[in-house]
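Enquirer: Based on what follows, work out the 3D shape:
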Amino acid sequence: MDQTVGFAKRFGASLLDALIVFFPIGLIAVFLLDVDTSTNRFMPNLIQSIYMIIVPVFWYGYVVGKRVMGIRIVKKDGSDVDFGTMLMRVLVSGIVYALTLGIGYLVSAFMVALRKDNRAIHDFIAGTYVTEAAPGEAVGLQYTSDLKQA
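Expert: All right, here's what the predicted structure looks like:
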């Protein structure tokens, strides 16, 4: 079974994405596109969502922060993610998180930290997990009953 990735590395990857990708996007939106992000978050959120959906599909499950941390997103069977998988992971889970007023994010953080398979709500929705396995090395996530034996 692949080595799933816990809270610290996933959080670190998110912070790196925020600093390396999303902060510059915000600056571009504010200064070059003259977007008032205090009242209009649509454009930065749209760009962020497109990035989170498209980049992993073409970059073997990596986004910039995950690549730096040496982790990537794969399907539960160990195969590379596709557009449908990433749409579920980003958009559908985003709707769930919005409907729960952000409580879903907190639940997901605890799930990643406490579950043996380190999967969050968005991982369950999309049928994914985060691994340290390089492209071509992921073998798939075993069933929960198999995880208890590991």
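
Enquirer: So, low pLDDT: which residues of this protein?
Expert: 1-2, 34-41, 142-150 (pLDDT under 70).

Enquirer: what about 90?
Expert: 1-5, 22-48, 78, 102, 133-150 (pLDDT under 90).

Enquirer: what about the helices in it?
Expert: Along the chain, the stretches classed as helices by DSSP state H are 7-17, 23-27, 42-58, 64-69, 83-87, 93-99, 103-114, 121-126, 144-149.

Enquirer: Of those helices, which is nearest residue 132?
Expert: Evaluated over the helices of the chain, closeness to residue 132 peaks at helix 7-17, with 8.1 Å, by C-beta to C-beta. C-beta coordinates here come from the backbone N, C-alpha and C atoms, glycine included.

Enquirer: roughly how far is stretch 104-113 from the heart of the chain?
Expert: In terms of C-alpha atoms, centre = their mean, to the nearest Å, the centre of stretch 104-113 is set 13 Å apart from its chain centre.

Enquirer: before we move on, the earlier item: in TSV: the helices of the chain, plus mean neighbour count and distance to residue 135.
Expert: Converted to TSV, the helices of the chain look like this (neighbours: other C-beta atoms under 10 Å; distance: least, C-beta to C-beta, whole Å):
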stretch	mean neighbour count	distance to residue 135
helix 7-17	17	17
helix 23-27	13	26
helix 42-58	16	11
helix 64-69	19	11
helix 83-87	16	15
helix 93-99	14	23
helix 103-114	15	22
helix 121-126	20	18
helix 144-149	10	23
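
Enquirer: and residue 4, what does it touch?
Expert: 116-119, 129-131, 141 (C-beta atoms under 8 Å, 6 or more residues apart in numbering).

Enquirer: Need phi/psi at the residue lying closest to it once chain neighbours are set aside.
Expert: The shortest distance from residue 4 to any non-neighbouring residue, by C-beta to C-beta, 6 or more residues apart in numbering, is to residue 118 (4.2 Å). Main-chain torsions, residue 118, degrees, to the nearest 10: phi 50, psi 30.

Enquirer: do residue 101 as well
Expert: Here is the backbone geometry of residue 101 (degrees, to the nearest 10): phi 60, psi 40.
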